[in-house]
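[1] structure of the sequence below:
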Amino acid sequence: MERHPRCCGFYVKRQLPQIIHTKLKAATDFHSEGGEVQSDVWELNREPSNWIDLVVKSGVASLKRHCNGAWMNATDCSGFENVCCFLDALGNYDKFSGQATYLLVCNRQIGRLEGASDILYIGQSGRLGGRLSDYRRGKKKSTPQDYRILETVGNLTSDGVTVSLHVCQKPPDGQSVEDYESQLLSRYETEHWELPPCNFQR
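    Residues are numbered from 1 along each chain as shown. Reported below is the predicted structural model:
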């Protein structure tokens, strides 16, 4: 059988456990010693010459964000109001109207490939009430994403986690609800190396 060369992404994936272990150890040392991350160890004072340098630079920036408690959470997203429990909103979908960018937010952090966040999902709709109604009627075969989101929220709720609906009907800087959703997804992916748990695709 013909063997094909593996791309650099394969080696990044293989090295992720080591990278994560190294960063966690550094974070522990940072907090236990009460000092600064040493520039001669963690800072690269030259332009990255290959993909390994890019991974390490990303790790440095991520470590600093971790030490400063600066991961992206719902409170970092401008213009949102915590309106109610998501499952309660589904039962009262007819009370919601208009367009909105919205978040599903847990009352605890969810571990990600990089860091942690309380954001479960980032979405937008031109008819928020209608979108909530869609979630209520989610079917495994016909509307699989709606079904998976409802199932995930149900499982979290059974484990004692509260999932809240946060709504922004007037995005900052005059953005549309679609553009604001896209901006938040891009920021989340940049900081956490992946999309929110229930955003299965962009």
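[2] what residue spans form the domains of this protein?
    Domains of the chain are assigned by automatic domain parsing as 8-67, 74-192.
[3] lowest average pLDDT across those?
    In terms of mean pLDDT, the lowest-scoring of those is domain 8-67 (a mean of 45).
[4] which other helices and strands contact the lengthiest strand in the chain?
    Across the chain, the longest stretch assigned as strand under DSSP state E is strand 100-111. Applying 3 or more Cβ pairs under 8 Å, 6 or more residues apart in numbering; DSSP states H and E, one finds that strand 100-111 makes contact with strand 116-125, helix 144-158, strand 163-168, helix 177-192. C-beta: built from backbone N, CA, C; applies to glycine.
[5] please convert the ones you listed to a markdown table, extending it with distance to Cys77 and mean neighbour count.
    Output for the helices and strands packed on strand 100-111, formatted as a markdown table (distance: least, Cβ to Cβ, whole Å; neighbours: other Cβ atoms under 10 Å):
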| stretch | distance to Cys77 | mean neighbour count |
| --- | --- | --- |
| strand 116-125 | 8 | 22 |
| helix 144-158 | 19 | 16 |
| strand 163-168 | 7 | 21 |
| helix 177-192 | 6 | 18 |
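[6] go through the longest strand of the chain and flag the buried ones.
    Across strand 100-111, burial judged by 16 or more other Cβ atoms under 10 Å covers 100-106.
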